[in-house]
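>>> here is the input, now give the coordinates:
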Amino acid sequence: MPSSDPASSSLPAAPPTLPPESLDCVVIGAGVVGLAVARALAGAGREVVVLEAEGGIGSGASSRNSEVIHAGIYYPQGSWKARLCVAGRERLYAYAAERGVPHRRCGKLIVATDAAQEATLQGIQAKAQANGVDNLRLITRAEARALEPEVECTAALLSPSTGVVDSHAFMLALQGDAEHAGAVFAFHSAVRQGRGGEGGIELDISETPQGLGTTSLPAPEASLRVRARTVVNCAGLHAPAIAARIEGPPAAQAPRAHYAKGHYFTLAGRHRFTRLIYPVPVPGGLGVHLTLDLQGQARFGPDVQWVDAIDYSVDAARAEAFYAEVRRYWPALADGALQPGYAGIRPKIGGPDAPNLDFRFDGPAEHGVPGLYHLFGIESPGLTSALAIGELLRERVAAGA
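Numbering: from 1, shown residues only. Predicted coordinates for the structure are as follows:
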């Protein structure tokens, strides 16, 4: 069973002679969600320092995904994923248009490839309507092929609100906004351990010239101790491990991390698709789907492979299964057309038996430590939801909740 590295118990204590430096607000992690939270807090007048263990922004899940702007279709009514995806989607489209972030509202088809899956499409449509996504349209095979002549299906759902975005350009815009509002970024800065108390949250920070790469930490050459009024843990894959290192909340409250690796393969050759093509969802993911980048390049993925450690290598042998999955909805896919692309890892807090848990936000109301906030399980649709998550954390921090 994949789990987070319990290395926190063996971490050396920071030098006790260093006096803590006082800070207002620390955001841990400079992925898309950390950037959106930093932007929101700095825009509200907070003095923000962003700590990132790697050498730049968005080096983890934020840059290893499908770059899809999701409509808010699949998630249970009232869940954080449903509410924040729907709210974040329109904020993202508006923000991208305002800030010149490349994006396209291209739409997508969710396809049934046999009669048994058509009932699943109807269930997806009903769930979407409950979430406020009322523009899905159930269409016939003939209608689907009129839109996408190369697709094969028995029926499909048309989602006109789905799109794609340049995720790195989006993150650069968020970083620029945060810095313009006064936020400061400290790269190669890893949180080794911390303590929560009435005087704020103390963090022991060490330099990581090579970044993390895993949930374990090398022995520090130097360590700095800081105290902050507010700490927001947006560390993605590393969020559970960092939470376990901060004393104050009961250790049992930090969830175990579960890693669902997804491979992507790119298409070598031409295609005629103008929309994204998705199969019906599978446990742990949305199935091996066809997405298009902003240059029209087609890629397929991700699949689901439960792993024990963070590893971004691409197993070319998995292409065989990709051919079988893709040919269910695109029979014309030629032999040899799939080339290894890249891999990403979903930061899940539920394993194979519970793969689709909701976003989790643990603040003082949940663990009793003033000023401390943990964001767990922020997987898809985290990119789409990022701006809405930033607003949520700004409100919760302001309220102390």
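>>> going by C-alpha atoms from here, please, whenever you check contacts or count neighbours.
Fine.
>>> ok, Pro240 - contacts?
Pro240 sits next to 4, 254-257, 376 when contact means C-alpha atoms under 8 Å, 6 or more residues apart in numbering.
>>> any chance of a markdown table for those residues, columns secondary structure and pLDDT?
A markdown table is the format used below for those (DSSP: H, G, I helix; E, B strand; the rest coil; pLDDT from 0 to 100):
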| residue | secondary structure | pLDDT |
| --- | --- | --- |
| Ser4 | coil | 40 |
| Ala254 | coil | 91 |
| Pro255 | coil | 95 |
| Arg256 | coil | 94 |
| Ala257 | coil | 96 |
| Phe376 | strand | 98 |
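>>> mind listing the helices for the stretch 101-250 of the chain?
115-130, 141-147, 167-180, 239-245 (DSSP state H, counting those that start in this stretch).
>>> residues contacting the third one, please?
Contacts with helix 167-180, where a contact means C-alpha under 8 Å, 6+ apart, come from 31-32, 35-36, 38-40, 42-43, 57-58, 62-63, 67, 96, 99, 101-102, 383.
>>> closest to Lys108 out of the helices of the stretch 101-250 of the chain?
Proximity of those to Lys108 was assessed by C-alpha to C-alpha; the nearest stretch is helix 141-147, lying at 10.3 Å.
>>> the closest one - contacts with which helices or strands?
Helix 141-147 is packed against strand 155-159, with contacts defined by 3 or more C-alpha pairs under 8 Å, 6 or more residues apart in numbering; DSSP states H and E.
>>> re earlier: need the contacts of Pro240 in TSV (columns: neighbour count).
Formatted as TSV, those follow (neighbours: other C-alpha atoms under 10 Å):
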residue	neighbour count
Ser4	24
Ala254	21
Pro255	20
Arg256	22
Ala257	28
Phe376	27
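>>> now, which of these sits nearest Thr140?
Of all the contacts of Pro240, Thr140 sits closest to Phe376, with 39.3 Å by C-alpha to C-alpha.
>>> tell me the contacts of the closest residue to the closest one other than its chain neighbours?
What sits nearest to Phe376 in space, not counting adjacent residues and going by C-alpha to C-alpha, 6 or more residues apart in numbering, is Arg360, at 5.0 Å. Contact analysis of Arg360 by C-alpha under 8 Å, 6+ apart lists 80, 375-378.
>>> show the buried residues in the contacts of helix 167-180.
31-32, 35-36, 38-40, 42-43, 57-58, 62-63, 67, 96, 101, 383 (16 or more other C-alpha atoms under 10 Å).
>>> among those residues, which ones are in helices?
32, 35-36, 38-40, 42-43, 96, 383 (DSSP state H).
>>> quick one: contacts for Val101?
95, 165-166, 169-170, 173.
>>> what number of residues lie near Glu366?
12 (other C-alpha atoms under 10 Å).
>>> cool, and Ala316?
The number of residues near Ala316, taken as other C-alpha under 10 Å, comes to 14.
>>> show me the shaky parts of the protein.
The chain contains residues with pLDDT under 70 at 1-20, 210-222, 251.
>>> give me the domain ranges for it.
For the chain, whose domains are defined here by automatic domain parsing, the residue ranges read 7-62+169-255+356-399, 106-163+258-348.
>>> circling back: can you list the ones in helices among the buried ones among the contacts of helix 167-180 in TSV and add distance to Val86?
TSV is the format used below for those (distance: C-alpha to C-alpha, whole Å):
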residue	distance to Val86
Val32	17
Leu35	20
Ala36	16
Ala38	21
Arg39	20
Ala40	18
Ala42	24
Gly43	23
Ala96	16
Leu383	12
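>>> list the residues that contact the nearest residue to His103 once chain neighbours are set aside.
Nearest non-adjacent residue to His103, counting by C-alpha to C-alpha, 6+ apart: Val165, 4.1 Å away. Contact analysis of Val165 by C-alpha under 8 Å, 6+ apart lists 67-69, 101-104, 293-294.
>>> of these, closest to Val111?
Val68 (17.1 Å).
>>> contacting residues for the spatially closest residue to that closest one that is not a sequence neighbour?
Nearest non-adjacent residue to Val68, counting by C-alpha to C-alpha, 6+ apart: Val164, 4.4 Å away. Residues near Val164 by C-alpha under 8 Å, 6+ apart: 67-69, 103-106, 292-294.
>>> which one (most neighbours) among the residues you listed?
The most crowded member of the contacts of Val164, judged by other C-alpha under 10 Å, is Ile69 (29 neighbours).
>>> kindly provide the distance from it to Val226.
As defined by C-alpha to C-alpha, to the nearest Å, Ile69 lies at a distance of 37 Å from Val226.
>>> Glu47 too?
Glu47 sits 14 Å away from Val226, taking C-alpha to C-alpha as the criterion.
>>> before we move on, what about Thr266?
45 Å.
>>> cool, and Gly350?
Using C-alpha to C-alpha, Gly350 is found at 32 Å from Val226.
>>> kindly report the same for Phe273.
52 Å.
>>> then Ser313?
Taking C-alpha to C-alpha, one finds Ser313 at 36 Å from Val226.
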